[in-house]
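> would you be able to build a 3D model of this:
(chains A and B)
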Amino acid sequence: MTASVYSIRELLAGKAELQSQVTIQGWIRTRRDSKAGLSFLQVSDGSCFATLQVVADNQLANYADEVLHMTSGCAVECHGTLVESQGRGQSMEIQASSVKPIGWVENPDTYPVQPKRHTFEFLREVAHLRPRTNTFGAITRVRHVAAQAVHRYFHEQGYYWINTPLITASDAEGAGQLFRVSTLDQLNLPRTDSGAIDYSKDFFGQETFLTVSGQLNVEAYCLAMSKVYTFGPTFRAENSNTTRHLAEFWMIEPEIAFADLDDLVTLAEDFLKYIFRAVLQECPDDMAFFAQRIEPQAIQRLETLIEQPFQRVDYTEAVDILQKSGKKFDFKPEWGIDLQTEHERFLTEQHFNAPVVVVNYPDEIKAFYMRLNDQQDGEPGRTVAAMDVLAPGIGEIIGGSQREERLDVLTSRMQAHDIDLEQYSWYLDLRRYGTVPHAGFGLGFERLVSYITGMANIRDAIPYPRVPGNAGF
RNA sequence: UCCCCGGUAGCUCAGUUGGUUAGAGCGGGUGACUGUUAAUCACUAGGUCCGCGGUUCGAGUCCGUGCCGGGGAGCCA
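Below you'll find the predicted structure:
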């Protein structure tokens, strides 16, 4: 690389003077040949949404032999004078003094990424090439900016990023399917006297899995560092075939000490708004593209959401709203059963037409570690201090709760959930030694990216989606 | 896991009640064209109609089955 090499983003930002000599390196999107021996190369380098036009004329030594054969996907290094564009459609362009092929496209007739509209289904089959499209370039930049904003937000607010283990011996919630981690010879498994697989012979000397949540581990750090979060890969072996589930996804889990459910909802709202603001500010071109081609409301709904306070509603009240809505649901809304997708959609997309935070769910349908509420008037049963943030079009984007900090209550809840107290003795220790009220939530990063970009399928919100039956690439 | 829908050229799709040699646009190649913007125009190459089995004189088309993809539901983030 020489000193005059610029990214397209830098050039468009005015980092180089007009009339100066510059070099760009990138991949050709399209080539248009014009009258009088002149070719226009639309070059992309991923640095921003825009491409840069390189004008190559037939005075170039390799014009006929090489330039005229450059197709979509060719890697090139273009050197020349940065000039104000003589044509319409772009402010500046490079009048090339050399267009050097770096990597040719072997079979242009079968190169999958063509300058045309592709279905997302097809692009998933060429996941290694889809970042070369407008859409996936934009998703990639937005995902990056959102991830940076996550860390920046927490850092600015005094949170510590805790790297909780990916390999774990415990199922964090006593539910959900886990991926086994094992080095045992599958064709020759060691057995105990009773015939069971002898995991004491396995790598860790016990049964191990990929984590489904860093929550329990991060709670320990919360009860020392006060404000903490995790942001890392998470694995669920559930056979979910939907537009909003992945077997491998990235989850953000803040955990705050000396805090209750209200504090948590406030955090969720402030946090989401910060991320949305950052993306709107830092990715205006990408967001404009999503609004134009993917989801017309993409920008507007983020702006509205940033301005409006989140709607908060008790589960009990939500059920009441659903029952009085007069709408016919496939599943009748009833206190004590979880909200169905159709119920969530009604609340977010019709009744409130905004993200909705539902709080205080029935004890029976939630996890053991959620804090038991005192029973209120009008409630048919006990509730826990849980909260879900429901977003229009996506459904549950955040799920969280205040944690049960009282040792006796937690112990009895664990027993009711048939959880082995021995295995969780360290977790119970946290309630024995300096316990405090604390709360946290989990946010699926890909669901966030889906919501921001308007991409309808979560498999398009992560570079290489892992789903049942498919771990390609 | 359950319920629907789909699989035809590199891509996006059309293909009638089963009937001759399966088509179009884009992309590719060749050529034309006074700086183009998904450039335009002409010519051209390109097919295991997802696999297997069946019905039929005859199957891209009908039936069975398998595989793959999509949408919805459940589980959840």
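
> can we go C-alpha only for contacts and neighbour counts from here?
OK.

> which parts of stretch A:255-265 are buried?
Burial within stretch A:255-265, assessed by neighbour count using 16 or more other C-alpha atoms under 10 Å, is assigned to A:255-257, A:259-262, A:264-265.

> no, scratch that, I was asking about stretch A:26-39
Buried residues in stretch A:26-39 (16+ other C-alpha under 10 Å): A:26-31, A:33, A:38-39.

> go on, stretch A:274-285?
A:274-280, A:283.

> how far off centre is it?
Stretch A:274-285 has its average C-alpha position 15 Å from the chain's average C-alpha position, going by C-alpha atoms, centre = their mean, to the nearest Å.

> with stretch A:314-322 instead?
Offset of stretch A:314-322 from its chain centre (C-alpha atoms, centre = their mean): 29 Å.

> among the buried residues of stretch A:26-39, which lie within strands?
A:26-31, A:33, A:38-39 (DSSP state E).

> which pLDDT value goes with the closest residue to RNA strand B within chain A?
At 2.3 Å from RNA strand B, residue A:35 is the closest residue in chain A, using C-alpha to the nearest atom of the strand. pLDDT, residue A:35: 71.

> do residue A:112 as well
At residue A:112, the pLDDT recorded in the model is 89.

> how many other residues sit next to it?
Residue A:112 has 17 neighbours, counted by other C-alpha atoms under 10 Å.

> also residue A:178?
Using other C-alpha under 10 Å: residue A:178 sits among 19 other residues.

> re earlier: among the buried residues of stretch A:274-285, name the ones in strands.
Using DSSP E, no member of the buried residues of stretch A:274-285 falls within strands.

> could you identify the most distant pair in the residues you listed?
Farthest-apart pair in the buried residues of stretch A:274-285 is A:274 and A:283; separation 14.0 Å (C-alpha to C-alpha).

> all helices for the stretch 301-450 of chain A, in order.
Shown for the stretch 301-450 of chain A, the helices assigned by DSSP state H, counting those that start in this stretch span residues A:315-324, A:341-345, A:407-416, A:425-432, A:445-453.

> which among those helices is found nearest to residue A:181?
Closest to residue A:181 of these is helix A:425-432 (C-alpha to C-alpha; 22.1 Å).

> tilt between the closest one and helix A:407-416?
150 degrees (axes from the mean of the first three to the mean of the last three C-alpha atoms, to 10 degrees).

> what's the neighbour count on residue A:79?
Residue A:79, neighbours per other C-alpha under 10 Å, totals 21.

> next to RNA strand B, which bits of the stretch 251-400 of chain A? Give me the list.
With C-alpha under 7 Å from any atom of the strand as the criterion, the stretch 251-400 of chain A meets RNA strand B at residues A:251, A:338, A:340-342, A:395-399.

> so which of the helices of the stretch 301-450 of chain A is the most surrounded?
helix A:445-453 (a mean of 25; mean count of other C-alpha atoms under 10 Å).

> just checking, what packs against it?
When contacts are defined as 3 or more C-alpha pairs under 8 Å, 6 or more residues apart in numbering; DSSP states H and E, helix A:445-453 packs onto helix A:134-156, strand A:248-257, helix A:298-307.

> now residue A:138. Nearest residue, chain neighbours left out?
Nearest residue to residue A:138, sequence neighbours excluded (C-alpha to C-alpha, 6 or more residues apart in numbering): residue A:286, at 5.1 Å.

> residue A:25 and residue A:430: what is the separation?
55 Å (C-alpha to C-alpha, to the nearest Å).

> again but with residue A:324, I slipped
For residue A:324, the distance to residue A:430 - C-alpha to C-alpha - is 43 Å.

> check residue A:70 too.
Remark: distance between residue A:70 and residue A:430 (C-alpha to C-alpha) = 64 Å.

> run through chain A and note the low-pLDDT ranges.
A:1-3, A:171-176 (pLDDT under 70).

> do that again at 80, thanks
Scanning chain A for pLDDT under 80 picks out the ranges A:1-3, A:35-36, A:87-89, A:170-176, A:393-394.

> mind listing what the residue nearest the centre of it touches?
Chain A has residue A:446 as the residue nearest its centroid, 2.2 Å off, counting by C-alpha atoms, centre = their mean. Residue A:446 makes contact with A:249-250, A:458, A:461-462, according to C-alpha atoms under 8 Å, 6 or more residues apart in numbering.

> which among those are in contact with RNA strand B?
Among the contacts of residue A:446, RNA strand B is touched by residue A:249 when using C-alpha under 7 Å from any atom of the strand.

> who wins for neighbours among the contacts of residue A:446?
That'd be residue A:461 among those, by other C-alpha under 10 Å, with 27 neighbours.

> may I have the phi/psi pair for residue A:121?
phi -60, psi -40 (degrees, to the nearest 10).

> sorry, wrong one. I was asking about residue A:461.
The phi/psi pair for residue A:461 (degrees, to the nearest 10) is phi -100, psi 0.

> does it touch residue A:452 like I think?
No: here residue A:461 lies out of contact with residue A:452, judged by C-alpha atoms under 8 Å, at a distance of 9.9 Å.

> what sits against the nearest residue to residue A:455 once chain neighbours are set aside?
Using C-alpha to C-alpha, 6+ apart and skipping residues adjacent in sequence, the residue nearest residue A:455 is residue A:294, 6.7 Å away. Listed by C-alpha under 8 Å, 6+ apart, the contact partners of residue A:294 are A:453-455.

> run through the strands of the stretch 151-300 of chain A in chain order.
A:160-161, A:167-168, A:180-181, A:208-210, A:227-235, A:248-257 (DSSP state E, counting those that start in this stretch).

> with distance to residue A:311 added, can I get those in JSON lines?
Below are the strands of the stretch 151-300 of chain A laid out as JSON lines (distance: least, C-alpha to C-alpha, whole Å):
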{"stretch": "strand A:160-161", "distance to residue A:311": "29"}
{"stretch": "strand A:167-168", "distance to residue A:311": "37"}
{"stretch": "strand A:180-181", "distance to residue A:311": "40"}
{"stretch": "strand A:208-210", "distance to residue A:311": "35"}
{"stretch": "strand A:227-235", "distance to residue A:311": "25"}
{"stretch": "strand A:248-257", "distance to residue A:311": "21"}
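
> what's the most buried one of the ones you listed?
strand A:248-257 comes out most buried of these by mean count of other C-alpha under 10 Å, with a mean of 24.

> and for the closest residue to residue A:409 other than its chain neighbours, the neighbour number?
Spatial nearest neighbour of residue A:409, excluding adjacent residues (C-alpha to C-alpha, 6+ apart): residue A:372 at 7.9 Å. By other C-alpha under 10 Å, the residues close to residue A:372 number 24.

> for residue A:43, what are its contacts?
Taking C-alpha under 8 Å, 6+ apart, one finds A:26-30, A:51-54 in contact with residue A:43.

> wait, does the strand or helix carrying it make contact with RNA strand B?
Using DSSP states H and E, residue A:43 sits within strand A:38-44. Yes: interface with RNA strand B: strand A:38-44 contributes A:38, A:40 (C-alpha under 7 Å from any atom of the strand).
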